[in-house]
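>>> The amino acid sequence is not available; the structure is as follows:
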């Protein structure tokens, strides 16, 4: 046999063997360059997820997503964004030729004859798009799938199924409320018969109950921030009467009500029993909480219960006072029975002048005021008759020191308002060790401050 004939015979034999080996394998088309879904995540309004006999719908209304449980519940924005991002970018790894979908690669064997899992996405101005999910493909990281019952079968990454086919609870918002401090206008904490009420006035928060007073913005932020950022550990049920009774929420230990600027009814969070049945990694047990806008009962971390135990003392502003010196025309300082008067100097000067005509530079007066303003209040005490007498600030006692800031209203104002008016008056009682009590005007509270505070009143002239 010639050499050419030998080569031809070898090629024929190789072709025959190859046909026997690969004749039964399906032909695969190259993966499509484009995504499977044609969607704009911003326009998606509904997602229907079917997994066997379980179907739940994720519905968007305005900017909020909910899940079709009973009752409906808020959905995690993070979970929705993740799901839609993966769906919008989903591309097939391979596409099987329809002619080869038979025998061991039939639709039935691929789990696509009567698929049990599907993902349907609806967006504004477009028809629904459905992806049917079948069995695992070459590995657990890929799946057989069909889009809109097309004849072709795709092999897709399994990530979309891992995200979509979770139980309904996995989609729920893990936070107790979507409200934030900036959006609130009232906060009320109730424990038994005691009530702590806070209200925003002119962009500043004040306490209205159990006493009136300015509160520290830093203390408020430190207290309330965890309420918006703490994630619940578990949802245990809806807020029907039986559940409320079971978890101690029919008569809660405490409540926090949050009223926002744009809503008429407050969101109320209620504190129930200790959740001792849940294994916790900390010594303190978790607690049961109920959220009125979620209509649900949750198990929350141990730290959550401490938010309901806030006291007025913890929120009070610790700055002694705040005053705009431009509103003041005269300052009277009384120490050791002697009164020193400071008046604004006439003739356009910003300096101050004493009764003896001694000039005090503006900077000296401003420094005194700044030091007084920044004095830290150590504690607040109710000015009961006995406590006021002990502090040397009752009606029968003479304060050891006093400072009055006076404004003079000219004759151009109405007659009943013209003349001198006290803008602010602070009296100091007897020193008690390293501390002393002060009282602003006739306020019903005594302010405990460092004893050296009164030394600020001793101006060096």
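All right, it came through fine. Quantities reported herein were computed from a predicted structural model and do not represent experimental measurements. Numbering: from 1, shown residues only.
>>> so where's the stretch 251-400 of the chain shaky on pLDDT?
Where the stretch 251-400 of the chain drops to pLDDT under 70, the residues are 277-282.
>>> Once you drop chain neighbours, what's closest to the residue nearest the centre of the chain?
In the chain, the residue lying closest to the centroid (C-alpha atoms, centre = their mean) is residue 228, at 2.7 Å. The shortest distance from residue 228 to any non-neighbouring residue, by C-beta to C-beta, 6 or more residues apart in numbering, is to residue 180 (5.9 Å). Heads up, the C-betas are built off the backbone N, CA and C, glycines and all.
>>> so what strands line up beside the host helix or strand of residue 198?
Secondary structure from DSSP states H and E places residue 198 in strand 194-201. Strand 194-201 has its sheet partners listed here by DSSP bridges as strand 184-191 (antiparallel), strand 204-209 (antiparallel).
>>> What is the burial count for the residue nearest to residue 228?
As a burial measure, residue 180 scores 14 neighbours (other C-beta atoms under 10 Å).
>>> again, but for residue 450
With neighbours defined by other C-beta under 10 Å, the count for residue 450 comes to 14.
>>> Can you tell me how far it is from residue 364?
21 Å (C-beta to C-beta, to the nearest Å).
>>> for residue 174, same thing?
Separation of residue 174 from residue 364 (C-beta to C-beta): 57 Å.
>>> Is it correct that the residue nearest to residue 228 is in contact with residue 227?
No: using C-beta atoms under 8 Å, residue 180 is not in contact with residue 227; the gap is 10.0 Å.
>>> Who does residue 206 form a beta bridge with?
Beta-bridge partners, per DSSP bridges, of residue 206: residue 199, residue 214.
>>> Residue 255 now?
Listed beta-bridge partners, residue 255: residue 190, residue 270 (assigned using DSSP bridges).
>>> just checking, it touches residue 272?
No: using C-beta under 8 Å, residue 255 is not in contact with residue 272; the gap is 10.5 Å.
>>> So for the two, which sits in the more crowded spot?
Taking neighbours as other C-beta under 10 Å, residue 255 and residue 272 compare with residue 272 leading, 26 against 19.
>>> Where does that one sit, in terms of helix or strand?
When elements are assigned from DSSP H and E, residue 272 belongs to strand 267-274.
>>> residue contacts, residue 248?
For residue 248, the contacting residues are 272-273, 288, by C-beta atoms under 8 Å, 6 or more residues apart in numbering.
>>> distance of it from residue 231?
From residue 248 to residue 231 the distance is 22 Å (C-beta to C-beta).
>>> And for residue 136?
Separation of residue 136 from residue 231 (C-beta to C-beta): 32 Å.
>>> more neighbours, the two?
Taking other C-beta under 10 Å, residue 136 and residue 231 do not tie; residue 136 has more neighbours (15 against 12).
>>> Isn't the more buried one up against residue 142?
Yes: between residue 136 and residue 142 there is a contact at 7.1 Å, judged by C-beta under 8 Å.
>>> Name the residues contacting each of the two.
Joint contacts of residue 136 and residue 142 (C-beta under 8 Å, 6+ apart) are residue 158.
>>> Check which helices and strands the longest strand anywhere in the chain sits against.
If you go by DSSP state E, the chain has its longest strand at strand 419-432. On a contact count with 3 or more C-beta pairs under 8 Å, 6 or more residues apart in numbering; DSSP states H and E, strand 419-432 meets helix 385-391, strand 401-409, strand 435-440.
>>> Out of these, flag the one nearest residue 40.
Among the helices and strands packed on strand 419-432, strand 435-440 comes nearest to residue 40, with 60.0 Å by C-beta to C-beta.
>>> can you give me how far that closest one is from the chain middle?
37 Å (C-alpha atoms, centre = their mean, to the nearest Å).
>>> same check, this time on stretch 74-82
Computed by C-alpha atoms, centre = their mean, the chain-centroid distance of stretch 74-82 equals 16 Å.
>>> Pull out the buried residues from that stretch.
Using 16 or more other C-beta atoms under 10 Å as the test for burial, stretch 74-82 gives 74-76, 79-80.
>>> Just put these in JSON lines and tack on distance to residue 204, secondary structure and pLDDT.
What follows is the buried residues of stretch 74-82, written out as JSON lines (distance: C-beta to C-beta, whole Å; DSSP: H, G, I helix; E, B strand; the rest coil; pLDDT from 0 to 100):
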{"residue": "74", "distance to residue 204": "31", "secondary structure": "strand", "pLDDT": "93"}
{"residue": "75", "distance to residue 204": "35", "secondary structure": "strand", "pLDDT": "94"}
{"residue": "76", "distance to residue 204": "34", "secondary structure": "coil", "pLDDT": "94"}
{"residue": "79", "distance to residue 204": "37", "secondary structure": "helix", "pLDDT": "95"}
{"residue": "80", "distance to residue 204": "36", "secondary structure": "helix", "pLDDT": "96"}
